[in-house]
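Trainee: structure, please.
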Amino acid sequence: MVLTIGHSTHPVEGFLDLLRRHGVTAVADVRAAPYSRFNPQFNRETLVGSLDARGIAYVFLGRELGGRSEDPAVYDDGRISYERLGRTRAFEKGLDRVERGAAGHRIALMCAEREPLECHRCLLVAPALEARSVSVAHVCSHGGLERHSDAMERLLALHGLQDSNEDQRLFPRSPAERITEAVARQAHRFAHRNKTQANDSTPPGRRSGELHP
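Mentor: Residues are numbered from 1 along each chain as shown. Predicted structure coming up:
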């Protein structure tokens, strides 16, 4: 199983205790920029020192699995499209590294957001890993674990897409179809937006029928 965690505003000792509680032996940093203006204890160099003192390995995967990109082809009107980003070779290579690393380590994918449903680690990376039959769970700020499937149930409820609501449809959608819609809605709210890419990044004919996070 691979874990995810958001460093949020935790003091570094509290963050390290969460890792220890869940047996984490390696942190894979999936922030596109591994620095925090308001929580400098999680700046890359500082964090590496803190982890090393606890015997926890660190690897930076923000270039492969980060929620931002310098490639204009993965933007839709200035907003990152998780669907396009997830199809890139770099993203696939990042998943490969996580899979290989999970064979010898208890890995936690780390980003900044406290709530997994507001972060690409849950909306993009976790589904891609589970599609490869890698189980994922999210470390909660209170210390518990939430299975990714349970997080998706929360997401469906958040957007009113539970089974009970589908019963009224003439052609009810599958759970996978409803989750896809819920992820798209959530990504539209939280995916990175680059105003310099707005209005000029979508190739002709690509908009209709695509996921637009």
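
Trainee: how about the spatially most central residue of the chain, what does it touch?
Mentor: Closest to where the C-alpha atoms of the chain average out (CA atoms, centre = their mean) is residue 121, at 1.0 Å. Each residue near residue 121 by CB atoms under 8 Å, 6 or more residues apart in numbering is listed here: 4, 6, 30, 109-111, 113, 138. C-beta: built from backbone N, CA, C; applies to glycine.

Trainee: could you export the residues you listed as CSV, including secondary structure?
Mentor: Formatted as CSV, the entries for those read as follows, by DSSP: H, G, I helix; E, B strand; the rest coil:
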residue, secondary structure
4, strand
6, strand
30, coil
109, strand
110, strand
111, strand
113, coil
138, strand
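
Trainee: next, give me the two most distant ones among those.
Mentor: Between any two of those, the greatest separation by CB to CB is 12.9 Å, found for 30 and 138.

Trainee: the two: which has the busier surroundings?
Mentor: For residue 30 versus residue 138, neighbours defined as other CB atoms under 10 Å are more numerous around residue 30 (27 against 24).

Trainee: what about residue 114, neighbour count?
Mentor: Using other CB under 10 Å as the criterion, the residues surrounding residue 114 number 15.

Trainee: er, residue 173 I mean
Mentor: Residue 173 is surrounded by 14 other residues when neighbours are defined as other CB under 10 Å.

Trainee: many thanks, I have nothing further to ask.
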